[in-house]
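A.B. asks: Pasting a predicted model and its sequence here:
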Amino acid sequence: MSSFSITLPDGSQKSAAPGERPLDVALAISPRLADAAIVARVNGALWDLTRPFDGDATLEILTAKNPEALEVYRHSTAHLLALAVLELYPETQLGIGPPIDTGFYYDFDRPVPFTPGDLEKIEAKMWEIQARDLPFERVLTRKDEGLVKYGDMWMKAELIQERADEIFSEYTLGPGFIDFCRGPHVPSTKKLKAFKLLSIAGAYWKGDEKRKQLQRIYGTAFFTKKEQDEHLARIEEAKRRDHRKIGAELDLFSIQELAGPGLVFFHPKGGIIRKTLEDWMREAYLQRGYSLVYTPHVARVDLWKTSGHFGFYKENMFTVMALDDAEYQLKPMNCPCHILVYARKPHSYRDLPQRLGELGTVYRYERSGTMHGLMRVRGFTQDDAHIFCTPEQIEDEIVSCLEFAQDTLKTFGFEKYKAEISTWDGGASGKYDGAPEQWQLAENALRRAVEKLGIEATVVTDEAAFYGPKIDMKLVDAIGRLWQLSTVQFDFTLPRRFELEYIGEDGKKHQPLMVHRALFGSIERFFGILIEHYAGAFPVWLSPVQVAVMPITDKQLDYARQVAKELESDGVRVYLDDRNEKVNLKIRDAQLQKIPYMLVCGGREAEQGTVSVRHRKHADQGVKPLAEFRDQIKQLIATRANND
RNA sequence: GCUGGCGUAGCUCAGCUGGUAGAGCAUCUGAUUUGUAAUCAGAGGGUCGGGGGUUCGAUCCCCUCCGCCAGCUCCA
């Protein structure tokens, strides 16, 4: 048989005899490349380095530099985990073991749950196997044979039944392990140099809560120990910034058992921050042509029946309260209330757009295991607005919503974000409401708006809400995490259900377009994100206490009072630390409370009308006249500076 | 809701195989008058998450409820 022609990415060609593998080609190019190789790309698809060519091909050798290689590497580590578990606990049944963003997991079915101690044993076993340098080998099997072979492994058998082709691939790892798997994998366990098991958790088979719950072991894996250590350090950093921890340390908020889970109490210090957020948002509403409305927290069930929430959202609503005149329910969304405000009277096209905004508090029944600090709660306040407009106006409205969102992100110190347009499936499934023309119009408006603003947006098909397409802004925080925040979404359903209309230029009735938008998302969640973003060290304008004034002895108490009073008269939030304590302690406490500025007032300062300024981050800033400091801090507050 | 772990003073935690609880910080009182991350001393404070059971006796063992944590499912 003649040899195959292998084309490399640079266009050069090599010939390969039948039976030769990508690894051989890599070796021929350079031993170092062969050593660095993780996986190959052959004719555009990922291949094992040790899988022989079956014809002419294009070949790319992937190394640690390629993100796809990392996925393969982690997938192989998952197999290593499965083998370790089987060697230690042979009765275990295997589910699936894919790579994920930060590592991998493997799902197991085992009568006895794993314990944290088992995790250590399993990891030790993994290293032991790694040292054996076992090869990952691809084996082809016929489906009917496979079903017999995996007959006593219920999950694998189910997967083969559903997914396998007539001939499918399996991967062995040493003599005792074989797994139904598409692959590819690294050549051998020796390639796996940095991994660590992290946690055990329950997970439903195929993500279906009606199916059996399995035990999932999570792990992380990187090409080098260094990268892995950096990743583990990031996890530690995230823990350090946890808003629940900082919220307690800085006395910002609490959730109280007596009142119930998912219900947030803002303490004085959290309250002042919330007020600052709310004031900014309300002011922005008015500046941008929104009207402020206020609507009730409860309404008759009839309203929720008309809106449809009583049907499709019932699971998430607090149960019905029966009063003597009718049944009532807490509002889970503001939309129906804003619609009632719109629908109170006929509208001319001249009145449009109507932008009705509210900081609207809603209550949703979240299942007990799903609450998380401020991020997921049962009662929360949305910065919610609904825009009612004509088709001609829609594009401008979307553009200004997105500008508003950008301004919000920037104001609160988020430089980076990602945008995502979610569209429907073209009507294929029938699960989406609204006419195709409406979807078309809306999607075009979203696309043109992001284009106009030069925002890069990815489009995801079949991810829209059933009532309309949307665009979401996800922010990137100080340590690179992504948070879903602002959302701008169309709603084709509610205007129809409530029979909304306006009188057009032609004197006829038309249905207005309705856009729902929230920029903070929820004030509680946004507050939580802010806490983590700044790690509690809020910029001056948001800090609950902006300045701590600390007299050195009680001889300077009068002067310190005067300093505090002058700053307060400018609206600065001041804490006068008049405790009979040493400055060292006062500074320590102020630092721990992350108060931006500390003003030490001793005898010299009192005499000269100065203050000794200390910044929480830049430490001692030297002595300044009080007036100078006042101007400085007033400037920082007025400009909502993010750096101080 | 599910799986697993956990629940001891306001906070962080100790308490050997069951014999009715202890430290540091915080709080209060007193002393000290202090110069850029913890001055010293004394005092008060807990029905050991709630309820039930086993036992002569339960913070410890069992049951049940509540809550928290990590995931799953869902989601602003």
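C.D. replies: Thanks, I have the structure now. Numbers count the residues shown, from 1 in each chain, chains lettered A, B, ... in the order given.

A.B. asks: Give the burial count for A:G289, as a bare number.
C.D. replies: 12 (other Cβ atoms under 10 Å). C-beta here means a position set from N, CA and C on the backbone, and glycine is covered the same way.

A.B. asks: Please name the nearest non-neighbouring residue to it.
C.D. replies: Using Cβ to Cβ, 6 or more residues apart in numbering and skipping the chain neighbours, the partner closest in space to A:G289 is A:R355 (6.0 Å).

A.B. asks: OK, contacts around the one you found?
C.D. replies: A:R288, A:G289, A:Y290, A:S291, A:A385, A:H386, A:I387, A:F388 (Cβ atoms under 8 Å, 6 or more residues apart in numbering).

A.B. asks: Repeat that for A:E315.
C.D. replies: A:E315 neighbours (Cβ under 8 Å, 6+ apart): A:Y365.

A.B. asks: hang on, it in a helix?
C.D. replies: Yes: counting by DSSP: H, G, I helix; E, B strand; the rest coil, A:E315 is part of a helix.

A.B. asks: can you tell me how far it sits from RNA strand B?
C.D. replies: 8 Å (Cβ to the nearest atom of the strand, to the nearest Å).

A.B. asks: that older thread, how far away is the residue nearest to A:G289 from RNA strand B?
C.D. replies: 20 Å.

A.B. asks: Check A:H533 too.
C.D. replies: For A:H533 relative to RNA strand B (Cβ to the nearest atom of the strand), the value is 15 Å.

A.B. asks: Find the residue closest to that residue in space, skipping its chain neighbours.
C.D. replies: A:H533's closest residue in space is A:D477 (Cβ to Cβ, 6+ apart), at 4.5 Å.

A.B. asks: One more: A:I200?
C.D. replies: Using Cβ to Cβ, 6+ apart, the closest residue to A:I200 is A:F114 (4.9 Å).

A.B. asks: I figured the one you found hits A:Y218, correct?
C.D. replies: No: counting by Cβ atoms under 8 Å, A:F114 does not reach A:Y218; the two are 11.4 Å apart.

A.B. asks: for the stretch 51-200 of chain A, what spans make up the helices?
C.D. replies: Assigned by DSSP state H, counting those that start in this stretch, the stretch 51-200 of chain A shows helices spanning A:67-88, A:116-132, A:143-149, A:154-163.

A.B. asks: for the stretch 301-450 of chain A, same thing?
C.D. replies: A:301-307, A:309-312, A:335-342, A:394-411, A:436-453.

A.B. asks: Just send those helices back as a markdown table, with mean neighbour count and distance to RNA strand B too.
C.D. replies: What follows is those, written out as a markdown table (neighbours: other Cβ atoms under 10 Å; distance: least, Cβ to the nearest atom of the strand, whole Å):
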| stretch | mean neighbour count | distance to RNA strand B |
| --- | --- | --- |
| helix A:301-307 | 18 | 15 |
| helix A:309-312 | 15 | 10 |
| helix A:335-342 | 22 | 12 |
| helix A:394-411 | 19 | 13 |
| helix A:436-453 | 17 | 17 |
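
A.B. asks: any chance of the ones you listed in JSON lines, with mean pLDDT and distance to A:D24 too?
C.D. replies: Converted to JSON lines, these look like this (pLDDT from 0 to 100; distance: least, Cβ to Cβ, whole Å):
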{"stretch": "helix A:301-307", "mean pLDDT": "95", "distance to A:D24": "66"}
{"stretch": "helix A:309-312", "mean pLDDT": "90", "distance to A:D24": "59"}
{"stretch": "helix A:335-342", "mean pLDDT": "97", "distance to A:D24": "63"}
{"stretch": "helix A:394-411", "mean pLDDT": "96", "distance to A:D24": "52"}
{"stretch": "helix A:436-453", "mean pLDDT": "93", "distance to A:D24": "48"}
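
A.B. asks: so which of these gets nearest A:L252?
C.D. replies: Closest to A:L252 of the helices of the stretch 301-450 of chain A, according to Cβ to Cβ: helix A:394-411, at 19.7 Å.

A.B. asks: Any chance of the backbone angles for whatever residue of the stretch 501-644 of chain A ends up closest to RNA strand B?
C.D. replies: Minimum separation of the stretch 501-644 of chain A from RNA strand B (Cβ to the nearest atom of the strand) falls at A:G602, amounting to 2.3 Å. Main-chain dihedrals, A:G602, degrees, to the nearest 10: phi -110, psi -170.

A.B. asks: for it, what are its contacts?
C.D. replies: With Cβ under 8 Å, 6+ apart, A:G602 has these contacts: A:P551, A:I552, A:T553, A:Q556, A:S612.

A.B. asks: what's the farthest-apart pair in those residues?
C.D. replies: A:T553 and A:S612, at 14.1 Å, using Cβ to Cβ across those.

A.B. asks: Neighbour count: those two, which is higher?
C.D. replies: Neighbour count, other Cβ under 10 Å: between A:T553 and A:S612, A:S612 has more, with 20 against 12.

A.B. asks: Quick one: list the elements packing against the host helix or strand of that one.
C.D. replies: According to DSSP states H and E, A:S612 maps onto strand A:610-615. When contacts are defined as 3 or more Cβ pairs under 8 Å, 6 or more residues apart in numbering; DSSP states H and E, strand A:610-615 packs onto strand A:597-601, helix A:603-608, strand A:619-625, helix A:626-638.
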